[in-house]
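Novice: predicted model, plus sequence, below.
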Amino acid sequence: MQCSGVKHTKPSATKTSRAMQLIVVLQFLVPLAAAFNARRSSLTDCLNAASVPILLTFSPSWQDATKPFNLRLTVNPAVVTIPRTKAEVSPISTEIASGLSGNMVIDMVEFQEVSCDASSTIATVGSGVRLGNMATRLFQLGERGIPHGTCSGVGIGGHATLGGFGLDSRLWGLTLDTVTSIDAVLANGTAVTASSSQNRDLFWALRGAGPGFAVITSFKMKTFPATPVNVNWAYTYVYGTAQKAAKAYSIAQAFGQTSAPKELGYGIMFFPGNQFIVRGVYHGPKANMDRILAPLLAQLTGLNDGKAPKAVVNTQGWIASLTELDGTTLQTSVRGYDKHDTFYAKSISTKESAPLSLTALNSMFTYLYTNPAPPNTIKDEAVEISNPLWARLGYPLVILQKHQLREALCGGIPLAVLGNDEGQEALSLHVLSVHLE
Ligand SMILES: Cc1cc2nc3c(=O)[nH]c(=O)nc-3n(C[C@H](O)[C@H](O)[C@H](O)COP(=O)(O)OP(=O)(O)OC[C@H]3O[C@@H](n4cnc5c(N)ncnc54)[C@H](O)[C@@H]3O)c2cc1C
């Protein structure tokens, strides 16, 4: 199996043939560029006629508008559109469908509604809202909450159409599970509502493959009473051998499958210095959590020759718990958001009935223990492998160093890429991310 994306080619071409290739390429590109410019001006004419705000390469805010969150990626759109209403999304959609646009970014920043119907407790959330702002507003509107991931800058547009797993997902499900209805604009410019009673096929498709089917303008979502007492907890062990760490991982994994109640969201992280961290959130009183975690911690401590873990445990309200998970602040600026990272990420999934085997875990931890990270690369060159489990399980999360990724992926871990659908067996999703700076 080839894990590296780098291809090595033989330097066989002569100088003459390279020059010929260049001419051929240029001859090919000149008409392409002309056609592209013609298409772009046709597109911008159309968008201007519809009064849709747009940015072009010479616009003063172009750099900011096209700078991706992940700086490892290069984004070179021809135009950025910033629709303000559903009606303005319509001409954008038809331009995309007619193939005139080339690369077009639709910035949904103007779609910022967050409201909650007091009697049904169904929320309406604009597709441009970021998670932290949504959580803050829903709490203000009646102490409601929706399950979602931990980073407040993530947008609901991708999160609610592609999944959305958080430490509250064992309690309430994925973000996507809460969606009851979607307002969207189709490629022919038609504005539609999709739900279990209207446009059912589209509703099914949008929940999992949203970007492929329509531009979503807003979601209707089930909300839940925000849990008033939440315990954010983390226990750190340092096991002397890889075999012990692998065994600890399999114990924590089995605990998720058999004993952990839905109020307990948790995972595993593996940090430099062989720090094996079991951490999560318990939605309820600490005394209950202590009782639930006791058998797990007893096993993990027993494996560590009885040496107690380092503990960090904070009992707090809903908003404070979410803020601690984010690590900085829950609310983010609506315009001018300027947080970035540089990382490689990949998701794979395994069946819930076939979680990571002890053999696979031994292989992974043996590699990690025998290839420690170079000094001073601890925080910034981490690889995260998380496997959030869909149904009743926790989500073990392992953070490795960058140079360890290849081996972790190819070193005998039996990971399969699977699809999921209603009625099928739940899956364990493994998210790998390598932080490069
Ligand atoms: C820092 C960070 C932390 C994360 N943490 C978690 C986590 O804890 N749990 C978890 O489950 N996931 C997590 N993720 C993954 C995240 O949920 C996905 O990357 C998600 O797709 C981001 O959505 P977005 O709208 O912000 O991104 P975008 O890149 O804007 O969109 C992602 C995809 O959705 C499409 N899309 C967005 N809006 C719309 C719309 N209105 N209509 C149609 N299609 C749309 C886009 O075209 C694109 O294909 C994290 C990601 C990051 C970067």
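Specialist: Here it is on my side, so go on.
Novice: what helix or strand does Pro83 sit in?
Specialist: Element membership for Pro83, per DSSP states H and E: none, as it lies in no helix or strand.
Novice: what's the distance between Pro91 and the ligand?
Specialist: To the ligand, Pro91 is 16 Å away according to C-beta to the nearest ligand atom, to the nearest Å. For glycine as for every other residue, the C-beta is placed from the backbone atoms N, C-alpha and C.
Novice: pretty sure that residue contacts Ala50?
Specialist: Yes: under the criterion of C-beta atoms under 8 Å, Pro91 makes contact with Ala50 at 4.1 Å.
Novice: Ala298 - how many residues pack around it?
Specialist: 10 (other C-beta atoms under 10 Å).
Novice: need the three-state assignment for it.
Specialist: Secondary structure, DSSP: H, G, I helix; E, B strand; the rest coil: Ala298 is helix.
Novice: cool, and the one 3 residues further on?
Specialist: Under three-state DSSP, the three-state class of Thr301 is helix.
Novice: repeat that for Val52.
Specialist: Applying three-state DSSP: Val52 is coil.
Novice: and Phe365, by the same measure?
Specialist: helix.
Novice: grab the nearest non-local neighbour of it.
Specialist: Closest residue to Phe365 apart from its sequence neighbours, by C-beta to C-beta, 6 or more residues apart in numbering: Ala242 at 3.8 Å.
Novice: so how far is stretch 283-303 from its chain's centroid?
Specialist: Its chain's C-alpha centre and that of stretch 283-303 lie 29 Å apart, by C-alpha atoms, centre = their mean, to the nearest Å.
Novice: run through who's touching that stretch.
Specialist: 168, 171, 227, 229-231, 233, 235, 237, 239, 244, 247-248, 251-252, 255, 259-261, 263-265, 278, 282, 307-309, 313, 315 (C-beta atoms under 8 Å, 6 or more residues apart in numbering).
Novice: sort out for me which of these are in strands.
Specialist: Secondary structure from DSSP state E places Asn230, Val231, Trp233, Tyr235, Tyr237, Leu264, Gly265, Val278, Tyr282, Val313, Thr315 of the contacts of stretch 283-303 in strands.
Novice: now for those residues: which two are most distant?
Specialist: Maximum pairwise distance in the ones in strands among the contacts of stretch 283-303, criterion C-beta to C-beta, is 23.4 Å, between Asn230 and Tyr237.
Novice: okay, these two: which has more neighbours?
Specialist: Asn230 (29 against 21).
Novice: beta partners of the more buried one?
Specialist: Gln316 (DSSP bridges).
Novice: that one contacts Gly265, correct?
Specialist: No: contact criterion C-beta under 8 Å: Asn230 and Gly265 do not qualify, at 9.8 Å.
Novice: between these two, which contacts overlap?
Specialist: Residues touching both Asn230 and Gly265 (C-beta under 8 Å, 6+ apart): Val281, Tyr282, His283.
Novice: okay if I get these as TSV plus pLDDT and neighbour count?
Specialist: Shown next, in TSV, are the shared contacts of Asn230 and Gly265 (pLDDT from 0 to 100; neighbours: other C-beta atoms under 10 Å):
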residue	pLDDT	neighbour count
Val281	93	27
Tyr282	95	27
His283	97	25
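Novice: of the residues you listed, closest to the ligand?
Specialist: Nearest to the ligand among the shared contacts of Asn230 and Gly265, counting by C-beta to the nearest ligand atom, is Val281 at 12.3 Å.
Novice: so how far is Thr227 from the closest one?
Specialist: Val281 sits 9 Å away from Thr227, going by C-beta to C-beta, to the nearest Å.
Novice: now the common contact residues for the two.
Specialist: Residues touching both Val281 and Thr227 (C-beta under 8 Å, 6+ apart): Asp168.
Novice: quick one on the thing from earlier: tell me the contacts of the residue nearest to Phe365?
Specialist: Residues near Ala242 by C-beta under 8 Å, 6+ apart: Asn362, Phe365, Thr366, Tyr367, Leu368, Tyr369, Thr370.
Novice: can you flag the buried ones in these?
Specialist: Among the contacts of Ala242, the ones that count as buried by 16 or more other C-beta atoms under 10 Å are Asn362, Phe365, Thr366, Tyr367, Leu368, Tyr369.
Novice: the ligand: which of the residues you listed is nearest?
Specialist: The shortest approach to the ligand among the buried ones among the contacts of Ala242 belongs to Leu368, at 22.8 Å (C-beta to the nearest ligand atom).
Novice: A helix includes the closest one, no?
Specialist: Yes: per three-state DSSP, Leu368 lies within a helix segment.
Novice: which single residue of the stretch 1-150 of the chain ends up nearest the ligand?
Specialist: Gly149 (2.4 Å).
Novice: for that residue, what are its contacts?
Specialist: With contacts defined as C-beta under 8 Å, 6+ apart, Gly149 is in contact with Leu131, His159, Gly164, Phe165, Gly166, Thr175.
Novice: out of those residues, which touch the ligand?
Specialist: Subset of those in contact with the ligand: His159, Gly164, Phe165, Gly166, counting by C-beta under 6 Å from any ligand atom.
Novice: so the residue of the stretch 1-150 of the chain closest to the ligand, which of the three states?
Specialist: The three-state label given to Gly149 by three-state DSSP is coil.
Novice: next, it: phi, psi?
Specialist: The phi/psi pair for Gly149 (degrees, to the nearest 10) reads phi -70, psi 180.
Novice: same check on Glu110?
Specialist: Dihedral angles phi and psi of Glu110 (degrees, to the nearest 10) take the values phi -80, psi -10.
Novice: can you tell me how far it sits from Gly128?
Specialist: Using C-beta to C-beta, Glu110 is found at 6 Å from Gly128.
Novice: so Val125 sits against Val114, correct?
Specialist: Yes: at 5.5 Å, Val125 counts as touching Val114 under the criterion of C-beta under 8 Å.
Novice: what touches both of those two?
Specialist: Joint contacts of Val125 and Val114 (C-beta under 8 Å, 6+ apart) are Met134.
Novice: more crowded one of these two?
Specialist: Neighbours per residue (other C-beta under 10 Å) separate Val125 from Val114, with Val125 holding more: 29 against 19.
Novice: tell me where the stretch 251-400 of the chain has helices.
Specialist: For the stretch 251-400 of the chain, applying DSSP state H, counting those that start in this stretch gives helices covering 286-303, 318-326, 358-370.
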